[in-house]
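Chemist: Fold the following and give me the result.
(chains A and B)
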2 protein chains.
Amino acid sequence: MLLGAIEAGGTKFVCAIGTEKGEILERVSFATTTPEETLKKVVEFFWNKKIKSLGVGCFGPIDLDKNSKTYGYITSTPKSGWSNYNIVGELKKYFDIPINFDTDVNGAALGEAKWGSGVGLDSLIYLTVGTGIGGGIYTNGTLVHGMTHPETGHIFVSRADGDEYKGKCPYHGDCLEGMASGPAIEERWGSSASELPKNHRAWDLEAYYLAEGLINYILIVSPKKIILGGGVMKQKQLFPLIRKKVIERLNGYVSHKNILEDIENYIVYPKLGDDAGICGALALADLVLN
Amino acid sequence: MLLGAIEAGGTKFVCAIGTEKGEILERVSFATTTPEETLKKVVEFFWNKKIKSLGVGCFGPIDLDKNSKTYGYITSTPKSGWSNYNIVGELKKYFDIPINFDTDVNGAALGEAKWGSGVGLDSLIYLTVGTGIGGGIYTNGTLVHGMTHPETGHIFVSRADGDEYKGKCPYHGDCLEGMASGPAIEERWGSSASELPKNHRAWDLEAYYLAEGLINYILIVSPKKIILGGGVMKQKQLFPLIRKKVIERLNGYVSHKNILEDIENYIVYPKLGDDAGICGALALADLVLN
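Modeler: Take a look at the predicted model:
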């Protein structure tokens, strides 16, 4: 059975044809330009491909409330031309098949649960740390939706002692994204994450903030696994630093063996790697048929 | 149909007989002493009452993992005699009926969703602010379980400018519970919450910390309603202060009408009031039969 997958990012779109087993058979990617130009390429790629459903993992914020007049829209994004854009409605004009629309990170969380680091688990978080910080949450075997969708990157955390950096988030200044995103690293240290030496003290501070965020996710949704992807997490030296700080700061409060004895398998890099997003969209396409 | 409900608290136990409509027909309460003495009273109350199921909303931490050898236990509580106590196992010796065991606050969240402030919603948070701070989370129509259960009171939040108070949490110092629980208020100001004047500056600071916590819950699980109960929340002057701070600190980021236009109905006192806990346990008893 063929399924269609769209990883709709603010910088680029990835479209793929795949199967319900998570295999990607064909893919294309192109820059995100205007909605009209971008969707034209999407439609051309999927046209006549005999896909049974379409999964769309989309940059946000988006409207996921099926009772809302703007269900299927990208809502208040600062990205020029895309604010209040009815992406699902536009796709429906061309493809009369079930479409499963969700955030890119909820898609990635589902993909990792089906085919990646979380196989067999009914609960995990997928967090991407890159230009922004965002998270998808899978709990009790479902992707978390509510009033809107998770915006886990913007939580407030406790500042590191003596840290005077004002933060990079245009909404909140020193929220987690403001303190630990790629652009925050670059503004703070004058070099991008990929250019900083592996032993730079930047990594200790980065691990501090990410650990603060992870602890809050652990205490609120108690995920069975935490999967950290995105450009910044390619700096693998972060993982042991983050794990150590999570244990130190929790200070025995959540006394579970996943944390106390096996944290190397609890806080992990995505098994699907850079394909977490597109495989996630494929997982969304599969889910809507089940 | 008769159902049994137990609100198992660290200070007192409440036991009730009720119906699947949320009516409480009979109740009793007694101090929590030793497990043996306390459970004896529980068994006496329910004996021969012809209940079809039993819901137990319990103080924690507790083990909710049905695959665990210690499922149904109160685990690492500092409360003398209750650590590693198999409360579900003990009840099963006497009552051969379905038992639904969960945290007291998950129970209260379910009770408010069925019969209280959240009727018709599939997503809400119930937070109690009293001797401790704890939260139950209901999302996609299910109570959140994961590696363990939510421990929402212990999240880290951003300190108020110039606040030097070290915090009251024995594990984390200045986590939310450490900064905003009843004992933290009392240590900080030298008077208990109920003795402080309504216009005391304590309330502004208390609202600041609770708002920081609420914002993190909003950004992580996006609840459709936030219900604030417990002894400290009897100080109703806190509600407008908290609502104002949530709006200010979110700064337009979650642009949803519940927050921007109708926050009076978004952050609310429990409709079930002091019965949120026991009605929650009743709701757990009902859920296990459906």
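Chemist: quick one: low-confidence parts of the stretch 1-150 of chain A?
Modeler: Along the stretch 1-150 of chain A, no part satisfies pLDDT under 70.
Chemist: so the residue in it positioned nearest to chain B, which of the three states?
Modeler: Relative to chain B, the nearest point of the stretch 1-150 of chain A is A:Gly146 (3.4 Å; C-beta to the nearest C-beta). Any C-beta I mention is one placed from the backbone N, CA and C, and that applies to glycine too. Secondary structure for A:Gly146, judged by DSSP: H, G, I helix; E, B strand; the rest coil, is coil.
Chemist: My guess is it contacts B:Val221. True?
Modeler: Yes. Applying C-beta atoms under 8 Å, one finds A:Gly146 in contact with B:Val221, separated by 5.9 Å.
Chemist: More neighbours: which of those two?
Modeler: The neighbour comparison of A:Gly146 against B:Val221 (other C-beta atoms under 10 Å in any protein chain shown) goes to B:Val221, with 31 against 26.
Chemist: Now list whatever residues contact both of A:Gly146 and B:Val221.
Modeler: Residues touching both A:Gly146 and B:Val221 by C-beta atoms under 8 Å, 6 or more residues apart in numbering or on different chains: B:123, B:139.
Chemist: Hmm, A:Asn106 is touching A:Gly57, no?
Modeler: Yes. The criterion here is C-beta under 8 Å, and A:Asn106 meets it with A:Gly57 at 7.2 Å.
Chemist: quick one: the strands in the stretch 151-290 of chain A?
Modeler: Secondary structure of the stretch 151-290 of chain A (DSSP state E, counting those that start in this stretch): strands at A:226-229, A:267-268.
Chemist: Just tell me which of those ends up closest to chain B.
Modeler: From the strands of the stretch 151-290 of chain A, taking C-beta to the nearest C-beta, the stretch that ends up closest is strand A:226-229, at 9.8 Å.
Chemist: confidence score at the closest residue to A:Arg249 other than its chain neighbours?
Modeler: Spatially, and ignoring its direct neighbours in sequence, A:Arg249 is nearest to A:Ile215 (5.6 Å; C-beta to C-beta, 6 or more residues apart in numbering or on different chains). We note a pLDDT of 98 for A:Ile215 in this prediction.
Chemist: Run a quick neighbour tally on A:Leu289.
Modeler: Neighbourhood size, A:Leu289 [other C-beta under 10 Å]: 14.
Chemist: same thing with A:Glu186?
Modeler: Considering only other C-beta under 10 Å, A:Glu186 is surrounded by 16 other residues.
Chemist: Make sure it is actually in contact with A:Ser192.
Modeler: Yes. Using C-beta under 8 Å, A:Glu186 is in contact with A:Ser192, at 4.9 Å.
Chemist: quick one, what contacts the residue nearest to the residue of the stretch 1-150 of chain A closest to chain B when sequence neighbours are not counted?
Modeler: Spatial nearest neighbour of A:Gly146, excluding adjacent residues (C-beta to C-beta, 6+ apart): B:Ser222 at 3.4 Å. Neighbouring residues of B:Ser222 by C-beta under 8 Å, 6+ apart: A:144-151, B:123, B:254.
Chemist: one more time with 6 Å, if that's ok
Modeler: A:146-150 (C-beta atoms under 6 Å, 6 or more residues apart in numbering or on different chains).
Chemist: what ranges do the helices span in chain A?
Modeler: A:35-46, A:87-94, A:104-115, A:176-180, A:182-189, A:202-221, A:238-250, A:257-260, A:276-287 (DSSP state H).
Chemist: mind giving me CSV with those helices and columns for distance to B:Lys52?
Modeler: Shown next, in CSV, are the helices of chain A (distance: least, C-beta to C-beta, whole Å):
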stretch, distance to B:Lys52
helix A:35-46, 53
helix A:87-94, 45
helix A:104-115, 35
helix A:176-180, 46
helix A:182-189, 56
helix A:202-221, 32
helix A:238-250, 40
helix A:257-260, 36
helix A:276-287, 35
